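[1] Fold the following.
(one chain, ligands or ions: 1)
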Amino acid sequence: MADSMIVMKRVQKVIKRQAIIQDLHLAVEKSQVVALLGGNGAGKSTILRMLAGILHPNRGEITIGGRQWNMNRRAYAEQIGYMPDDFRFSPGLTARETLLFWAKLKGLSKEHVSEALVQVGLEHTGNKPVSSFSKGMRQRILFAQALLAHPPVVLMDEPTNGLDPYWMESFVRIVRQAASTGQTILFSTHQLQVAELLADRVVFLRNGAIALDGSAQQIRDMLGAGGLQDAVAAMYGISRTGKKESP
Ligand SMILES: Nc1ncnc2c1ncn2[C@@H]1O[C@H](COP(=O)(O)OP(=O)(O)OP(=O)(O)O)[C@@H](O)[C@H]1O
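    Coordinates of the predicted model:
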C-alpha cells in the first residue's frame, strides 16, 4: 500500500452532518484501471472530488504519487487530470479556445491542444463554439482536458455518459493506451459493460463504503454469476427481471 499511486486511508467525509464516506481504505497501483461502481448517491463523485483536491476529507489521509494535497498543493495537482461529471463551459469559446485556456493554466503549448483535439476526434470542429456541441462532444472536450498534460493519474467522473458506440470504443482504446504507458486511471460509471471491458479492477460502493472489490472475473467467481450484471443483481438482491427478491 505504501508504494501505491493512489492511497486513501481511513477517509471520512461529512456533508451537512451526514457521513457520506465512511472509513474508506483504497489503494490503486500504478497503471491500474479501476472502475468505481455503485447506485445513485453511493459516494463515487465525492471520492473523485476528494482525490482531485476539490473536497477535503474530515478525517483520514489521501496520498497521490506519495504527495499530500495539504503539503504542496501544486505538486499534488500537477499529477492529476480530472474529468468532472458536469461542467459549465464558457458559452462564447470554441473547443480549441477552451482547451487552450486549460493548456495555459498547465503551462502547455498549442501543440498539446492540437494533439488532444485529434485524439478525441474534434480536429475539424475545434473552431466551433462549445455551445453548439452535443453532450457527447462536450464529454470528449473534458476527456481531452483530463489527458492534456499526460498526468500520472487520471480521474474521471462518468466519462462515457453520452458517448456514441464509436466513441465508446475509442474511449476504451485511449484509456488502455494511457494505462500501457504507465498512467493510473480511476473512473466512475453506471455502465457495467464499460467496467467489464476496461477495468482491471472493479470497486462497488454502497452508502459510502466499499461493498465489493476485485477483478470482474473474481467478482463473477465470488458471486457465482454469469456476468457482472448478474453479479451486481445478486449483490443487491435483484432478480433478472429487475424486481427486488423477497429476503
Ligand atoms: N453538496 C452537497 N450537499 C448535500 N449532500 C451532498 C452534497 N454533495 C453530495 N451529497 C450527498 O452525498 C451522497 C453521495 O453523493 P455522490 O455525488 O458522491 O454520489 P454518486 O455515487 O456520485 O451518485 P450518482 O451516481 O448519482 O452520481 C449523496 O447522498 C448526495 O446527496
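[2] Could you use CA atoms for every contact and neighbour count after this?
    Will do.
[3] in this structure, what spans have low per-residue confidence?
    Low-confidence segments of the chain (pLDDT under 70): 1-2, 224-226, 238-247.
[4] For it, which residues are neighbours of the ligand?
    15-16, 20, 39-46 (C-alpha under 6 Å from any ligand atom).
[5] how about the helices in this protein?
    44-52, 73-77, 95-105, 110-119, 135-147, 165-180, 192-198, 216-223, 228-236 (DSSP state H).
[6] Which strands or helices does the last one pack on?
    Pointing back at helix 228-236 there. Counting contacts by 3 or more C-alpha pairs under 8 Å, 6 or more residues apart in numbering; DSSP states H and E, helix 228-236 is packed against helix 192-198, helix 216-223.
[7] Could you dump those helices into CSV and include distance to residue 230 and mean neighbour count?
    Converted to CSV, those look like this (distance: least, C-alpha to C-alpha, whole Å; neighbours: other C-alpha atoms under 10 Å):
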stretch, distance to residue 230, mean neighbour count
helix 192-198, 10, 17
helix 216-223, 8, 16
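[8] what's the closest residue to residue 39 other than its chain neighbours in contact with, if anything?
    Using C-alpha to C-alpha, 6 or more residues apart in numbering and skipping the chain neighbours, the partner closest in space to residue 39 is residue 206 (7.2 Å). Contacts for residue 206 (C-alpha atoms under 8 Å, 6 or more residues apart in numbering) come out as 38-39, 42-43.
[9] can we see that at 10 Å?
    Listed by C-alpha atoms under 10 Å, 6 or more residues apart in numbering, the contact set of residue 206 reads 21, 37-44, 212, 236.
[10] List buried residues within those residues.
    Among the contacts of residue 206, those buried by neighbour count (16 or more other C-alpha atoms under 10 Å) are 21, 37-38, 42-44, 212.
[11] measure residue 107 to the ligand for me?
    Computed as C-alpha to the nearest ligand atom, to the nearest Å, the residue 107 to the ligand distance reads 30 Å.
[12] quick one: that residue from residue 148, how far?
    According to C-alpha to C-alpha, to the nearest Å, residue 107 and residue 148 sit 11 Å apart.
[13] which of the two has more neighbours?
    Taking neighbours as other C-alpha atoms under 10 Å, residue 107 and residue 148 compare with residue 148 leading, 20 against 9.
[14] Pretty sure residue 106 is one of the things that one touches, is it not?
    Yes - in this structure, residue 148 is within contact of residue 106 by C-alpha atoms under 10 Å, at 8.6 Å.
[15] Relative to residue 95, which of the contacts of residue 206 is nearest.
    The closest of the contacts of residue 206 to residue 95 turns out to be residue 44 (C-alpha to C-alpha; 27.6 Å).
[16] Verify the stated contact: the closest one with residue 21.
    Yes - with contacts counted by C-alpha under 10 Å, residue 44 reaches residue 21, the gap being 9.3 Å.
[17] Common neighbours of those two, please.
    Taking C-alpha under 10 Å, 6+ apart as the criterion, residue 44 and residue 21 both touch 205-209.
[18] wait, which of these is closest to residue 137?
    Distances from residue 137 to the shared contacts of residue 44 and residue 21, taken by C-alpha to C-alpha, are shortest for residue 205, at 28.8 Å.
[19] So in terms of bridging, what pairs with the closest one?
    residue 210 (DSSP bridges).
[20] I am finished for the moment; much appreciated.
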